[in-house]
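Enquirer: Structure, please.
(one chain, ligands or ions: 1)
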Amino acid sequence: MEKIKVAVIGCGTIANSAHIPAYMKNDKAEIRYFCDIIPERAAAAVEKYGVGRAVADYHEVLADPEVEAVSVCTPNFMHSVIAVDALEAGKNVLCEKPAARILPEAKRMLEACDRTGRILNIGVCNRFHDSVMRIREYIDEGRLGEVYHVYASFRNHRSIPGLGGAFTTKAIAGGGALIDWGVHFIDLILYCTGDPKPLTVSGTAFSKLGRDMRSYTYKSMWAGPPDYEGTYDVDDSVVGVVRTEGPVISLNGAWAQNIGKNEMFIDFMGDKAGVRLDYGGHFTLYTAEHGALVEYRPDFEIRNMYELEIDSFLDCVRSGKPNRADIHKIIHSSEIMQALYDSSDLGREVVI
Ligand SMILES: NC(=O)c1ccc[n+]([C@@H]2O[C@H](COP(=O)([O-])OP(=O)(O)OC[C@H]3O[C@@H](n4cnc5c(N)ncnc54)[C@H](O)[C@@H]3O)[C@@H](O)[C@H]2O)c1
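Expert: From the prediction side, this is the model:
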């Protein structure tokens, strides 16, 4: 069967660590273009992988009728613009998470998907994580009983990424800890619990520890060194409660808090059993059997979720059928994050 011609738009960290290697490994796909506004990045990808052409303007990619699918791996502020243009040009799109900076941008993407009838997936890679998929099966089978509350903790001890750079500039990223990390946690909870509709959100997003940039003392500074002349106008921690048609979701997240130890887990609380997912790893199930409290930890191989995500995207391109990462499902994560930021600004609960 003929290979699907793809293009990767934005050749930075996630493109090089996930999308490009996954396409290279997949015999259904052939990379035709590497596109980056920094020409050396696109050229470096051509050199490294020995395929494709380097271009700087994504419109050139979209003008090629042979290109069927594109990965959008640019910073958040370009997601909506490029994804809508690509859909309008008849391409199928896998756009990195979060869908967009704000809900109206994500809705424009969804509308373009409806209008063009093309595939629009969001890079919510955890939907393809072996632990997450198993937890969903456990919940679907009723092993946990009624899952009435899910709690997510994604908290780090002083590790704001690239202080003063793209991650901490609202106009580029749309938000901080919530939009960057929270999106993964919120989305995987929605997936495991059957994509329930969100109803109300109450929360507060704090911008505290990074605000005085020069005095911020840090443990880790992933995504580049500090730029003290840059911008810091995003949340470095967040707390919230979300009511849905399914469970209540509560969350406590932070790039930076004054805590001694990082925490990255999700507790699914059911009336028959509970599950703790160690984010990115395995999970433990807690229940009672024959009058005894028991816990067990299933052991299995965790495959590369990005490869599974891209394999599934290519299947969608071939079949024309949406999958679990389709924008119509992922829009709920955007609704929740928007409502949480709105709730924080308004100081009250927001009805979705
Ligand atoms: N799914 C995940 O686990 C995961 C992990 C990291 C990042 N991400 C997401 O991936 C996206 C990119 O993050 P990153 O860390 O790779 O950033 P990055 O800065 O390393 O790479 C982004 C690249 O896009 C290029 N770019 C910007 N505007 C462009 C345009 N108009 N046309 C072509 N190229 C353009 C930049 O020059 C840069 O090389 C973000 O949305 C981020 O949230 C997802």
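Enquirer: Who are the contact partners of the residue of the chain at minimum distance from the ligand?
Expert: Residue nearest to the ligand within the chain (C-beta to the nearest ligand atom): Gly12, separated by 1.8 Å. (C-beta placed from N, C-alpha, C; glycine too.) Each residue near Gly12 by C-beta atoms under 8 Å, 6 or more residues apart in numbering is listed here: 36, 41, 73-74.
Enquirer: go on, Leu190?
Expert: Contact partners of Leu190, counting by C-beta under 8 Å, 6+ apart, are 196, 244, 329, 332-333.
Enquirer: which SS state does it fall under?
Expert: helix (DSSP: H, G, I helix; E, B strand; the rest coil).
Enquirer: likewise Leu144?
Expert: coil.
Enquirer: element containing Glu47?
Expert: Per DSSP states H and E: Glu47 is located in helix 39-49.
Enquirer: just Ser159 next, same as before
Expert: Using DSSP H and E, no helix or strand contains Ser159.
Enquirer: Once you drop chain neighbours, what's closest to it?
Expert: Ser220 (3.9 Å; C-beta to C-beta, 6 or more residues apart in numbering).
Enquirer: sorry, back to before: the residue of the chain closest to the ligand and Tyr49, how far apart?
Expert: Distance, Gly12 to Tyr49, using C-beta to C-beta, to the nearest Å: 15 Å.
Enquirer: rewinding a little: for the next helix or strand after the helix holding Glu47, name the packing helices and strands.
Expert: Counting by DSSP H and E, the next helix or strand C-terminal to helix 39-49 is strand 53-55. Contacts defined by 3 or more C-beta pairs under 8 Å, 6 or more residues apart in numbering; DSSP states H and E place strand 53-55 against strand 29-35, helix 39-49.
Enquirer: Within the sheet, what are the partner strands of strand 53-55, with directions?
Expert: Paired strands of strand 53-55, with direction, are strand 29-35 (parallel) (DSSP bridges).
Enquirer: pLDDT averaged over the partner strand, what's the number?
Expert: For strand 29-35, mean pLDDT rounds to 98.
Enquirer: Likewise for stretch 67-86?
Expert: What stretch 67-86 shows for mean pLDDT is 98.
Enquirer: what does stretch 183-192 give?
Expert: 98.
Enquirer: again, but for stretch 39-52
Expert: Mean predicted lDDT for stretch 39-52 stands at 98.
Enquirer: next one: stretch 120-139
Expert: Per-residue pLDDT over stretch 120-139 has a mean of 98.
Enquirer: How far off centre is that stretch?
Expert: With C-alpha atoms, centre = their mean, to the nearest Å as the basis, stretch 120-139 stands 11 Å off its chain's centre.
Enquirer: Could you do stretch 173-192 as well?
Expert: That offset, for stretch 173-192, works out to 6 Å (C-alpha atoms, centre = their mean).
Enquirer: now do the same end-to-end measure for it.
Expert: This stretch, stretch 173-192, spans 26 Å end to end (C-alpha to C-alpha, to the nearest Å).
Enquirer: ok, now stretch 56-70?
Expert: Where stretch 56-70 begins and where it ends lie 15 Å apart, using C-alpha to C-alpha.
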